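[1] sequence first, predicted coordinates after that:
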Amino acid sequence: MSAFRQDFLRFALEREVLKFGEFTTKAGRQSPYFFNAGLFNDGAATLALARFYAQAILESKVPFDMLFGPAYKGIILAAATAMMLAEQGVNVPFAYNRKEAKDHGEGGVLVGAPLKGRVLIIDDVISAGTSVRESVKLIEAAGATPAAVAIALDRMEKGSGELSAVQEVEQQYGLPVVAIASLRDLLALLQDDAQFREHLAPVQAYRDRYGVA
C-alpha cells in the first residue's frame with residue numbers, strides 16, 4: 001500500500017469521516033464501517049483531501065487535460081484539487097455544472113473553463129453511477145472526451161449484480177477509476193495497526209460476503 005493511501009485512511013479516521021460500528025447502507029446491508037466525505041468540511045480538511053486526490057491522480061499516470069466536478073460535492077473537489085495539482089507543477093483548468101440551467105449571464109449548466117480535450121471527472125464516491133453518467137453526457141455533448149474518474153474511496157462492493165459500482169463504470173464507459181484508497185487498503189491498515197485490529201474481522205467478513213475481486 002502506498003504510504004499516502006495509509007495516511008489518507010488515518011486522516012479520514014481522525015476526522016471521523018471513516019467510522020467503525022454498525023451502519024445500514026442504501027442497499028440495506030449492515031456494514032461494519034461508514035465513509036462520509038461530506039465531513040471534510042473545513043479549510044484544513046479540504047486542503048488535505050485535495051492533496052490526496054492530486055497524489056492519487058498523478059500516481060495513476062492517467063492522461064488528462066482538465067478536471068470536471070459534478071454538482072454539488074464535485075465542485076469544491078475539482079477546484080481544490082486543481083490548486084493542489086498546480087502546486088505540483090500540473091496547472092490544468094476545471095469546470096463544473098449546475099443542477100438547473102441558468103437563463104441569464106453566461107447561461108447554461110456549465111461553469112468554468114470550456115470542456116475540451118481529455119476530461120477527468122472528480123467526485124467523492126461512486127454509488128449508483130448517476131453522477132458519472134450525467135457527467136459523461138455533458139462532456140461528450142461539449143465535444144470533449146471523458147478520460148477517467150477520481151474518487152476518495154472504492155468500497156469494492158457488489159452492486160445490484162456481481163460487479164461493484166466502480167467496475168460497472170469502468171465496463172460501461174471504458175473509463176479507469178482512480179481511488180485514493182480502497183477496501184483492500186483499509187484491510188491492510190487494520191491488519192498492520194494494532195489499535196484498529198479489533199475491526200479487522202467484521203470488515204473482512206463483510207468483504208467476504210459482498211466484496212468483489
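    It's in.
[2] for this structure, what's the longest helix?
    helix 43-60 (DSSP state H).
[3] counting neighbours, what do you get for residue 171?
    If you count neighbours by other C-beta atoms under 10 Å, residue 171 ends up with 10. To be clear about C-beta, it is placed using only N, CA and C from the backbone, and glycine gets the same treatment.
[4] so who does it touch?
    residue 163 (C-beta atoms under 8 Å, 6 or more residues apart in numbering).
[5] what are the boundaries of the strands in this structure?
    Ranges of strands in the chain, per DSSP state E, are 18-24, 30-35, 66-69, 94-102, 108-112, 118-122, 145-154, 177-182.
[6] list the strands paired with the longest one, with their directions.
    Spelled out, that is strand 145-154. strand 118-122 (parallel), strand 177-182 (parallel) (DSSP bridges).
[7] so for stretch 66-85, what gets flagged as buried?
    Residues 66-71, 73-82, 84-85 are the ones in stretch 66-85 that count as buried (16 or more other C-beta atoms under 10 Å).
[8] I should have written stretch 182-191 there, sorry.
    In stretch 182-191, counting by 16+ other C-beta under 10 Å, buried: 182, 183, 185, 186, 187, 188, 189, 190.
[9] what's the fifth one in contact with, if anything?
    Shown in contact with residue 187 (C-beta under 8 Å, 6+ apart): 200, 203, 204, 207.
[10] what sits closest to the second one if chain neighbours are left out?
    This points to residue 203. residue 32 (5.3 Å; C-beta to C-beta, 6 or more residues apart in numbering).
[11] output the below-cut-off pLDDT ranges for the protein.
    When residues are selected by pLDDT under 70, those of the chain lie in 1, 101-107.
[12] from the buried residues of stretch 66-85, which ones fall inside helices?
    Those of the buried residues of stretch 66-85 mapping onto helices are 73, 74, 75, 76, 77, 78, 79, 80, 81, 82, 84, 85, per DSSP H.
[13] present the residues you listed as JSON lines; the columns should include distance to residue 91.
    Below are those laid out as JSON lines (distance: C-beta to C-beta, whole Å):
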{"residue": "73", "distance to residue 91": "23"}
{"residue": "74", "distance to residue 91": "20"}
{"residue": "75", "distance to residue 91": "19"}
{"residue": "76", "distance to residue 91": "19"}
{"residue": "77", "distance to residue 91": "17"}
{"residue": "78", "distance to residue 91": "14"}
{"residue": "79", "distance to residue 91": "13"}
{"residue": "80", "distance to residue 91": "14"}
{"residue": "81", "distance to residue 91": "12"}
{"residue": "82", "distance to residue 91": "8"}
{"residue": "84", "distance to residue 91": "11"}
{"residue": "85", "distance to residue 91": "7"}
